[in-house]
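*Asks:* Compute the structure for the input listed below.
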Amino acid sequence: MSVTKRRPRALVIGAGIGGLTAALALEAAGWDVHVHERATALEPVGSGLGIAPNALRALDTLGLGDEVRAVAAVQGEGGLRRPSGRWLARTSGEAIARTFGDPLAVVHRAELVALLAGHLRPGALHTGSELRVLDAGDPGHAATHPADPGRPAVVSRPDGSRLDAELVVAADGIHSPVRGLLFPDHPGPRYSGFTTWRTVIPTPERAPGPLGEVWGAGSLTGVLPLPHGRTYLYAAAVAPAGTRAEDGDERADLLRRFGHWCAPLPDLLGAARPELVLRNDVHEMTTPLPAFHSGRVALVGDAAHAMTPFQGQGACQAIEDAVVLAHALGTTASLAAALSAYSAARLPRATDVVRRSARVARAVAVRSRAGVALRDAAFLLAGQLPESAVVRGAAPTFDWRPPTLPGNVTGKATASA
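*Replies:* Numbers count the residues shown, from 1 in each chain. Got it, this is the predicted structure:
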């Protein structure tokens with residue numbers, strides 16, 4: 001009589017893009033995965049999202065790349081301009097595709113979340129389920145704390161009920177409580193100096209004009225296409241933390257700041273619905289964590305490496321994390337060794353992307369007339385290079401290649417910690 005071996009269990013905290021991708025990757029690697037999201041429903045966040053070639057390759061390892069491409073718009077001709085409309089540099093989705101194998105795919109964030117969630121096995125997603133306390137307050141926590149590699153991880157709910165698992169994946173965001181518990185001496189993310197706006201607008205009947213980004217003094221805007229007759233508009237500006245529109249009308253604040261900039265911004269901002277304009281301050285992890293794991297807990301996405309949005313890599317790096325974590329767990333005999341391999345692979349890579357994004361942020365933050373002139377002159381000079389040379393500047397980020405998930409893996413990293 002054969003006995004079916006129990007699959008190792010993983011608890012994923014957070015049902016954002018990183019958490020859902022991690023769950024799917026772990027399922028592919030043979031784990032029994034449960035995703036716990038404290039919200040009662042997956043929120044339909046009204047913003048766009050760029051999925052770069054590096055993240056599309058990672059999704060390909062899960063068999064999801066083509067599905068994402070099918071629901072995405074492709075960045076076409078675009079580039080970088082001044083508020084007057086003068087071009088500083090031009091790029092195209094076709095040039096990116098020629099160089100890296102894929103263009104920049106632009107999706108609606110909520111639609112990507114729904115696509116990923118739709119591939120979870122039935123019963124794997126638990127909404128309205130907050131795992132906010134890792135069992136550190138229990139008198140016997142030395143034996144049950146998830147950071148203890150010799151015991152199963154035990155987490156608790158607000159009602160006092162407890163769950164145990166071989167692995168906890170914390171995808172609980174920028175201000176991750178799990179990260180704070182595991183690394184209490186780490187300073188955590190800091191305010192970057194930028195506030196951002198995002199909104200999705202019905203594309204006007206008249207073509208919206210040139211796409212891409214417009215850089216001003218200490219601020220920028222960007223316009224990207226979305227499927228189904230929609231346009232994604234985002235903006236960023238240097239501002240004190242916590243600053244908000246005095247009357248609560250963020251669209252009015254956008255019009256005041258950017259309504260006099262070049263087309264298509266005035267028309268798009270005029271068509272935006274005030275209640276659909278999202279505003280958030282940007283925080284970044286300027287001090288890297290010592291590791292992306294501790295004991296039986298792995299951190300993914302913003303919980304591990306929050307970054308500014310100026311390379312469009314926040315979600316992309318979370319997707320990379322998920323695939324690398326599953327690969328390490330599926331190919332390494334020891335859980336401790338697998339998580340160490342995950343940190344060793346991801347910490348240098350994500351730290352480099354955080355720093356590259358921070359360098360772009362410093363360029364955006366320039367506000368003096370002389371500084372802006374010097375910055376724009378550098379862009380103009382770079383814009384005279386062949387397009388292929390300009391696009392190759394993204395190679396350190398876009399050229400990343402994921403490991404291949406092994407087939408028919410049954411959870412190798414479970415025998416011992």
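*Asks:* in the stretch 1-150 of the chain, which spans are helices?
*Replies:* Under the criterion DSSP state H, counting those that start in this stretch, the stretch 1-150 of the chain contains helices at 17-28, 53-60, 65-70, 93-100, 109-118, 141-144.
*Asks:* which of these is buried the deepest?
*Replies:* helix 17-28 (a mean of 27; mean count of other CB atoms under 10 Å). Any C-beta I mention is one placed from the backbone N, CA and C, and that applies to glycine too.
*Asks:* Next, the angle from it to helix 53-60.
*Replies:* Computed by axes from the mean of the first three to the mean of the last three CA atoms, to 10 degrees, the angle separating helix 17-28 from helix 53-60 equals 40 degrees.
*Asks:* Arg401: how many residues sit nearby?
*Replies:* When neighbours are counted by other CB atoms under 10 Å, Arg401 registers 8.
*Asks:* Touching, it and Arg57? I think so.
*Replies:* Yes - between Arg401 and Arg57 there is a contact at 6.4 Å, judged by CB atoms under 8 Å.
*Asks:* in the strand of greatest length in the chain, what counts as buried?
*Replies:* Once the chain is assigned using DSSP state E, the strand that runs over the most residues is strand 190-202. Taking 16 or more other CB atoms under 10 Å as the neighbour-count basis, strand 190-202 is seen to contain the buried residues Ser192, Gly193, Phe194, Thr195, Thr196, Trp197, Arg198, Thr199, Val200, Ile201.
*Asks:* between the helices of the stretch 1-150 of the chain, which one is nearest to Ala252?
*Replies:* For those, distance to Ala252 was read as CB to CB. The smallest value, 24.0 Å, belongs to helix 109-118.
*Asks:* So for that closest one, mean pLDDT?
*Replies:* Over the span of helix 109-118, the pLDDT mean works out to 96.
*Asks:* just checking, what packs against it?
*Replies:* Packing partners of helix 109-118 (3 or more CB pairs under 8 Å, 6 or more residues apart in numbering; DSSP states H and E): helix 17-28, strand 48-51, helix 65-70.
*Asks:* Tell me how many other residues crowd the residue lying closest to Leu211 once chain neighbours are set aside.
*Replies:* Nearest non-adjacent residue to Leu211, counting by CB to CB, 6 or more residues apart in numbering: Gly78, 4.3 Å away. A count of nearby residues for Gly78, using other CB under 10 Å, gives 20.
*Asks:* swap in Ala326?
*Replies:* Other residues lying near Ala326 total 31 when counted by other CB under 10 Å.
*Asks:* what sits against it?
*Replies:* Ala22, Ala25, Leu26, Ala28, Ala29, Leu405 (CB atoms under 8 Å, 6 or more residues apart in numbering).
*Asks:* Specify the local secondary structure of the spatially most central residue of the chain.
*Replies:* Averaging the C-alpha coordinates of the chain gives a centre point, and the residue nearest to it by CA atoms, centre = their mean is Ala315 (1.8 Å). Following DSSP: H, G, I helix; E, B strand; the rest coil, we place Ala315 in the helix state.
*Asks:* isn't it right up against Leu49?
*Replies:* Yes - with contacts counted by CB under 8 Å, Ala315 reaches Leu49, the gap being 5.7 Å.
*Asks:* Flag the shaky bits of the chain, pLDDT-wise.
*Replies:* Along the chain, segments meeting pLDDT under 70 span 1-4, 132-150, 206-208, 405-417.
*Asks:* quick one on the thing from earlier: I figured the residue nearest to Leu211 was touching Ala89, is that so?
*Replies:* No - using CB under 8 Å, Gly78 is not in contact with Ala89, being 9.9 Å away.
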